[in-house]
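Colleague: Turn this into a structure:
(chains A and B, ligands or ions: 1)
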Amino acid sequence: MTPADRRLAVANLIVALVALFGGVTTGLFQALGYAGVEIYSSLAPVIRSHYHSLSIHGVLNALVWTTFFISGFLPFVMSRSLGTALASPTLGWVTFWLMVAGLVLAAVPLVGNAATVMFTFYPPLKAHWAFYIGLTLVVVGTWLVTLNLVLTWRAWRARHPGVRTPLPAFMSLVTFAMWTIASLGLAVEMLLVVIPWSLDLVAGTDALLARTLFWFTGHPIVYFWLLPAYLSWYTLVPRQAGGKLFSDPMARTSFILFLILSTPIGIHHQYTDPGIHQGWKLLHALLTFAVFFPSLLTFFNVVASLETAGRARGGTGWVAWFRKLPWADPSVAAQVLAMVLFAFGGIGGLINASFNVNMIVHNTAYIVGHLHLTVGTAVTLTFMGITYWLIPHLAGRPLWSHRLALGQVWLWFAGMMIFSPALHELGLRGMPRRTMIGQVSYMQPEWQTLLPLVGIGGTLLFVSAVLYFANVLLTAVVSRRVPQPAVEFAEAISGADQAPVFLDRWRPWLALAAVLIAIAYGPTLVRLAATTSFASPGFRVW
Amino acid sequence: MVTRRSTTVYLWELAWILPSFAIPVGMLAALAVAAFGAGINVTGDQGRIDPRRVAEHPLFKEPGVVEIAPGQYEVRMTARIWSFTPNEIRVPAGSTVHFWATSQDLVHGLLIPRHNINVMLLPGQISHAQARFDTPGEYPIICHEYCGIAHHTMAGKIIVEPRR
Ligand SMILES: [Cu+2]
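Modeller: Alright, predicted model coming up:
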């Protein structure tokens, strides 16, 4: 870890945290809106509407916070895991500034209410062209992160022939390899369909083709957020908790399966879309259920690793060892609580992925509840937990307050325990998402009883986030400089040498991923592209 | 430090892997039975339509409700910012209603809570969904995809009348 790599990680984290701050603030407005507290009139002219706020919230939290955090965290993990500096610090900075330039380009129309199209930006809603080009530049930036990781790994490989790639480096590479493949759908959507149309170079667009390309990326992007959290749960948390990783080969196997299976399943977001044959929808359901397999492997392996820690700390019984985990450590507490809530997120995900059960929940508030368990908790609370050791390490200053951090973590958990179940239930009762519920003409009495809970839960989440920012800021500014050790990677009970050599190969897995994508998407995409007349003009109606 | 892979680790892995494989397979089988046995199915491909010429299409020339057989009703519906046409539908209890719908401008949704009516309405595509309405009452028809500043006003209702 050179000082240059360190600065690069810090720069990415700063952008990520600023984005999260904007995201949780607009999130508070949303939650209050559900509870019937109308604040948009007092936020003008900065925030013009519920939908303006929601678009900012989605873009900042789902796209910017995650992408910048991951682009800072994984190169850091990579260089520590391999014990070498990144192949090219220059490339690292070029990447960072390209992503920042893209972010600024997208943010100007977004904040100016010229891109109030949600973070999914379905055409023919037509945002300002700068929004699309900006987001595209951010995606291109992530490809350069991939390039830097691959160059770093190849330089290491040349010096270490025949050695098994260390697990954290392996997982970093898989994450970015998976994302690079998955983001091709978004890139094609942007470059061939959306950007020419937003620049008025072509007259029309096609909603279904755009949606299909979007969800090609839009599902696996969830895994791009989750895999770095898994990386922490597998390779860092067991050691932090005082135990060992249960099985390294099993961890590699699950990551390889994520690499192969994350992408060819996006049509499960489009079960209710017309224009796609039921057979392809069912195939995507089948493959989505296949991803449940590595998810269960992860669940088992991570819990088994925690168990080694609980028992090493004197825990006993089938479940009582859980109480012996180092709950006083906010970094561990955050990540273990994130895992607990993610178990419910995983079950909900299976419901969404179920070919016909999905009809009950599609586009309802249930999805909002689900997304806040996955990206809003499994990912975000884990990333918060990571920063509780990473920021002190990078800044060379101890965390300003452990107690404040612990309180923050539990408050997030409590807030989410109110917020998310309420939204799940509202969705089951048929309440739509992305809707200014306080103003609808079709308000149902059975919704009204639950809506205040969304406001209360959301407010607790906001307060928790404010405590988090305060602690990070005070750590960076007030804490005295005392070099902080980085968290070490966990050893494994069943180690890397137990993993078969073929798990350390790349070509067969990448080839298999490509074949599955071609089967799952090829016919549908070719048919859609061949039959469209790009007949939809754009609309700016917000 | 490297430990030898113990038999215990191996057995635990196996004890978890086998059910992890069997559970999704079982669930998928249940879904397939529901879809093709009980007919609880999602929408498929009904062909393209020119979103600028919706009114010229035979299905959407005259939006409204038609009785196509005893107890079987067909709703031909168009969506645009921010309304459904028709936006009020009356059918007797016990009817099966077949919805044919499309969008004239951007992406909308068609949701009738608790009635298996949940389908996207895309410009350029024809959507189909059907459900049985047994209990008399008034049910909202909701646009459940963000479609601009007045999205929350886009709704209709289906009134299920007591059987005559
Ligand atoms: Cu609408």
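Colleague: Let me see the ranges of the helices in chain B.
Modeller: B:7-36 (DSSP state H).
Colleague: now the strands: where do they sit in it?
Modeller: B:64-69, B:72-80, B:83-85, B:88-92, B:95-103, B:108-112, B:117-121, B:127-133, B:137-142, B:155-161 (DSSP state E).
Colleague: And for the fourth one, what's in contact with it?
Modeller: For strand B:88-92, the external contacting residues (C-beta atoms under 8 Å, 6 or more residues apart in numbering or on different chains) are B:65, B:71, B:73, B:75, B:97, B:133, B:141, B:156-164. For glycine as for every other residue, the C-beta is placed from the backbone atoms N, C-alpha and C.
Colleague: Now do it, average pLDDT.
Modeller: The average pLDDT within strand B:88-92 is 95.
Colleague: cool, and the second one?
Modeller: Strand B:72-80 shows a mean pLDDT of 96 in the predicted model.
Colleague: likewise the last one?
Modeller: The pLDDT scores in strand B:155-161 average 96.
Colleague: What is that strand packed up against?
Modeller: Counting contacts by 3 or more C-beta pairs under 8 Å, 6 or more residues apart in numbering or on different chains; DSSP states H and E, strand B:155-161 packs against strand B:83-85, strand B:88-92, strand B:137-142.
Colleague: now the last one and strand B:108-112, what's the angle there?
Modeller: The one in question is strand B:137-142. If you take axes from the mean of the first three to the mean of the last three C-alpha atoms, to 10 degrees, strand B:137-142 sits at 160 degrees to strand B:108-112.
Colleague: ok, now the second one?
Modeller: If you take the same axes, to 10 degrees, strand B:88-92 sits at 30 degrees to strand B:108-112.
Colleague: Partner strands of strand B:88-92 and their direction?
Modeller: Strand B:88-92 sits in its sheet next to strand B:155-161 (parallel), going by DSSP bridges.
Colleague: Can you get me the centre-to-centre distance for the strand it pairs with and its chain?
Modeller: Centre-to-centre, strand B:155-161 and its host chain are 16 Å apart (C-alpha atoms, centre = their mean, to the nearest Å).
Colleague: And it, what's buried?
Modeller: B:155, B:156, B:157, B:158, B:160 (16 or more other C-beta atoms under 10 Å in any protein chain shown).
Colleague: Just give me the closest of those residues to residue B:112.
Modeller: Residue B:112 has its nearest neighbour among the buried residues of strand B:155-161 in residue B:158, at 6.5 Å by C-beta to C-beta.
Colleague: Identify the bridge partners of that closest one.
Modeller: Applying DSSP bridges, one finds that residue B:158 bridges with residue B:89, residue B:139.
Colleague: Verify the stated contact: it with residue B:133.
Modeller: Yes. Counting by C-beta atoms under 8 Å, residue B:158 touches residue B:133, with 7.0 Å between them.
Colleague: Now the common contact residues for these two.
Modeller: Common neighbours of residue B:158 and residue B:133 (C-beta under 8 Å, 6+ apart) are B:91, B:97, B:139.
Colleague: Secondary structure element holding the residue nearest to residue A:82 when sequence neighbours are not counted?
Modeller: Once flanking residues are discounted, residue A:82 sits nearest to residue A:156: 4.6 Å by C-beta to C-beta, 6 or more residues apart in numbering or on different chains. Per DSSP states H and E: residue A:156 is located in helix A:129-159.
Colleague: So for that helix, what gets flagged as buried?
Modeller: Quick answer for helix A:129-159 (16+ other C-beta under 10 Å): A:129-150, A:152-153, A:155-156.
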